[in-house]
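Chemist: Sequence plus the predicted model coming up.
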Amino acid sequence: MKYSIIDKLAVVIGVFFIGGCIPKIVPLDPYHEMMVVTFQFWAHVFPLVHLGLPAPNAALYRTICGVLELSFGSLLAFGRTPFRRGSAGVLMAITVISIYSMAVLGSTLEFIPAVILALVLLLCIIYGFEDSKKQTKSKNE
């Protein structure tokens, strides 16, 4: 089977999100403590407060982000074709919220990798994923 570069890139990004969610959920020192401190700051600048939502509890915010990254990162990396585009959209939304939080808190160079990641996820959404069944049908015909 031939996979496109977007499919291969999606697997790498999905595994990246799976690995990145572990310190948010599992208390492994010192990384978990870094996430606790980071999300305490991020809870104060949560962008959806402007839409009327209450400011989240930092621990709940961290846990929800970790679970969403684990779930949708797994779908992006190993899911079926119809689910991969939607999971890329959810992961891009999480990334954009983190970019906003970092920008409001005054991080200058720290959000550049997140911007690159958001752009790559946008490419995944725009160009989509090729279905392996469609590829085999077109070759046989």
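Modeler: Noted; the coordinates are in hand.
Chemist: Below-threshold pLDDT in the chain: ranges please.
Modeler: Within the chain, the segments meeting pLDDT under 70 span 1-2, 130-141.
Chemist: If we use 50, what do you get?
Modeler: Scanning the chain for pLDDT under 50 picks out the ranges 1.
Chemist: Counting residues, name the longest helix you see in it.
Modeler: Longest helix of the chain, by residue count under DSSP state H: helix 81-104.
Chemist: buried stuff in that one?
Modeler: Going by neighbour count (16 or more other Cβ atoms under 10 Å), the buried part of helix 81-104 is 84-85, 87-92, 94-102. C-beta here means a position set from N, CA and C on the backbone, and glycine is covered the same way.
Chemist: do the same with stretch 20-28
Modeler: By neighbour count on 16+ other Cβ under 10 Å, the buried set for stretch 20-28 is Cys21, Pro23, Lys24, Ile25.
Chemist: Can you tell me which of those comes closest to Ala118?
Modeler: Ranked by distance to Ala118 (Cβ to Cβ), the buried residues of stretch 20-28 are led by Cys21 at 16.8 Å.
Chemist: Surely that closest one and Ser74 touch.
Modeler: No. Between Cys21 and Ser74 there is no contact under Cβ atoms under 8 Å: 9.7 Å.
Chemist: Glu69: neighbouring residues, count only.
Modeler: For Glu69, the neighbour count with other Cβ atoms under 10 Å is 25.
Chemist: Alright, calling it a day.
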